[in-house]
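Undergrad: Here is a sequence with its predicted model. Questions after.
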Amino acid sequence: MGSQEFNRQAKKVLGPIGSQQEIIKEDIFDRYQKREIAFSQLVMTLGSFPLDIYFQLTNSGGKGLNIIPKFHFQNRSFSKEAIFLLDFSTIALFFDLYDTYKIRFEKLFMISQFAIEIVEEELLQVKYSRSSNIALKITAESVNPTFYPKNFKQKRIDYLQRLAEWLRNQCITRPVREKIDLVQQLRLKQGKEPKLPYFDFYLDTFFLAKRENTCLVTDDLSLIGYLGQESSYNSSEFFLENVKPSEFNDKILPYLLKANYQGVTVNHSVLIKELEKYLLNKPNGYLNGIKQLSVQISFDNNGVNKAIDLVKHIYTQTGLLLQRKNLLSQQVLNFALDSIPRNREKLDLIQEIILLSFRFFPNFGMEAMNDLRLIWSKRI
């Protein structure tokens, strides 16, 4: 059978199912991006290995991992004496900080025993799966191949082995007897005991998080919703800024931006460093960084000041042509001001900030004013 005939038959036989699955997948990721559902709902709906979902969100081109913005924790105290509990929305991050960036933590983390079991089960499946360097996405419209490097399987095995070792050596587990009554109720209701490893992991994590002197470090908004305000929890960003302040701006915040974390609070110095990498075509989180200004602007005007400060930095650089500065400035304003209502009052406020910021650079200030009017008119 030739390739054209194979494609035709594949689209005819498998295409309708593939198209339907693709619609469901796109819809659920879209709902996640809008914060209508959370990380665990993605995992349980798609039935995927949790870290595959994590990497789909955080890899280059991913839709981004939603976290709770830092301002949410401004009235919460932080205790380093607590036992810190990780879940699948944070395990990969903390492992990568340990494995790749050599960042060490003073205390062992707590996890559900099912986290280790889920990772080791995935490791076994990968080890004994047939090696293939190609995967096909078949819909009613097309057959699209995805090609993998020859060592893709071995790299995945190596990663899972290192992760499993880290979970065993850098984390502790505890039995969760609190869930017994709930599991029995589910067994009576369904006529059998649920056999979903991620569901067991989720229940474990929920009950562990409710224990005294335990703080959940999570970017899974559904767990936070169920736990309520009386429980102790932190986002990964808030936790890392408090536990590793000396390494946060230099290593951790750039990592979060590059990994498409959504809801991160950015600062001027990190934005400048990421801009420099962006201009040199080095790996960076610059575009995601200026998008995060929009999140901050939605709850205070400090994000506007950061955006204008960045625009001023761009215009006062000596190594850039004016046309390039115009484009970079418009890019910043377009992303950062995305959430601002388009009305005269807001426009006047931003113009006042520009005039004040550029008072010693009036010519550049006029350029910034023109950039603002240009992007403002496009969004009305």
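TA: Ah, there it is.

Undergrad: tell me the pLDDT at the residue lying closest to Leu167 once chain neighbours are set aside?
TA: Distances taken as CB to CB, 6 or more residues apart in numbering place Ile116 nearest to Leu167, at 5.0 Å, with adjacent residues excluded. The way it works is simple: take the backbone N, C-alpha and C, and place the C-beta from them, glycine included. Per-residue confidence at Ile116 stands at 97 (pLDDT).

Undergrad: For Ile116, the count of nearby residues, please.
TA: Neighbours of Ile116 under the rule other CB atoms under 10 Å: 17.

Undergrad: My guess is it contacts Leu163. True?
TA: No. Using CB atoms under 8 Å, Ile116 is not in contact with Leu163; the gap is 9.6 Å.

Undergrad: quick one: low-confidence parts of this structure?
TA: Scanning the chain for pLDDT under 70 picks out 1-21, 23, 132-148, 180-195, 229-230, 299-301, 379-380.

Undergrad: Leu271: what's it in contact with?
TA: Tyr286, Gly289, Ile290, Lys306, Leu310 (CB atoms under 8 Å, 6 or more residues apart in numbering).

Undergrad: gap between it and Glu22?
TA: Per CB to CB, to the nearest Å, Leu271 is found 36 Å from Glu22.

Undergrad: do the same with His72
TA: His72 is 34 Å from Glu22, by CB to CB.

Undergrad: Same question for Leu256.
TA: Distance, Leu256 to Glu22, using CB to CB: 29 Å.

Undergrad: Ok, Glu121 next?
TA: Using CB to CB, Glu121 is found at 27 Å from Glu22.

Undergrad: Repeat that for Leu372.
TA: 40 Å.

Undergrad: More neighbours: those two, which one.
TA: With neighbours defined as other CB under 10 Å, Leu372 and Glu22 compare such that Leu372 has more, 21 against 15.

Undergrad: Okay, and the beta partners of the spatially most central residue of the chain?
TA: Centroid-nearest residue in the chain: Leu65, 2.1 Å away (criterion: CA atoms, centre = their mean). Note on Leu65: beta-bridge partners by DSSP bridges are Tyr261.

Undergrad: Verify the contact between it and Ala259 for me.
TA: Yes. When contacts are counted by CB under 8 Å, Leu65 is listed as touching Ala259 (7.2 Å).

Undergrad: what ranges do the strands span in the protein?
TA: In the chain, the strands defined using DSSP state E lie at 65-66, 83-86, 109-110, 134-138, 143-147, 171-172, 214-217, 233-234, 261-262.

Undergrad: Can you tell me what sits against the second one?
TA: I take that to be strand 83-86. Contacts of strand 83-86 (CB under 8 Å, 6+ apart): 94, 107, 109-111, 115, 171, 205, 208-209, 211, 213-218, 239.

Undergrad: Pull out the buried members of those residues.
TA: Among these, those classed as buried by 16 or more other CB atoms under 10 Å are 94, 109-111, 115, 171, 205, 208-209, 211, 214-218, 239.

Undergrad: among the residues you listed, which two are most distant?
TA: Longest distance between any two of these is 19.9 Å, between Phe94 and Arg211; criterion CB to CB.

Undergrad: Show me the domain layout of this protein.
TA: With domains defined by automatic domain parsing, the chain comprises 1-260, 266-379.

Undergrad: give me every residue that touches Ser269.
TA: Applying CB under 8 Å, 6+ apart to Ser269 gives the contacts Asn249.

Undergrad: Now do it against Leu320, distance only.
TA: Separation of Ser269 from Leu320 (CB to CB) stands at 19 Å.

Undergrad: How about Lys306?
TA: Distance from Lys306 to Leu320, by CB to CB: 20 Å.

Undergrad: quick one: which of those two has more around it?
TA: Lys306 (23 against 15).

Undergrad: could you measure the more buried one against Ser60, distance?
TA: Counting by CB to CB, the gap from Lys306 to Ser60 is 24 Å.

Undergrad: got the contact list for the residue lying closest to Phe248 once chain neighbours are set aside?
TA: Nearest-residue entry for Phe248: Glu241, 4.9 Å, with adjacent residues in sequence omitted and distances by CB to CB, 6+ apart. Contact partners of Glu241, counting by CB under 8 Å, 6+ apart, are Lys70, Phe248, Ile252.

Undergrad: hang on, isn't Asp309 packed against Val266?
TA: No. Using CB under 8 Å, Asp309 makes no contact with Val266, being 11.4 Å away.

Undergrad: Between these two, which is the more surrounded one?
TA: Remark: of Asp309 and Val266, Val266 carries more neighbours, 25 against 16, as counted by other CB under 10 Å.

Undergrad: So that one versus Pro50, what's the distance?
TA: From Val266 over to Pro50 the distance is 27 Å, taken as CB to CB.

Undergrad: for Ile354, same thing?
TA: The gap separating Ile354 from Pro50 is 45 Å, by CB to CB.

Undergrad: more crowded one of the two?
TA: Between Ile354 and Pro50, Pro50 has the larger neighbour count (other CB under 10 Å), namely 26 against 23.

Undergrad: Give me the neighbour count for His313.
TA: Close neighbours of His313, defined as other CB under 10 Å, add up to 15.

Undergrad: Skip the chain neighbours and tell me the closest residue to it.
TA: Closest to His313 by CB to CB, 6+ apart is Ile272, at 6.0 Å.

Undergrad: Burial check on the one you found, number of neighbours?
TA: Ile272 is flanked by 15 other residues according to other CB under 10 Å.
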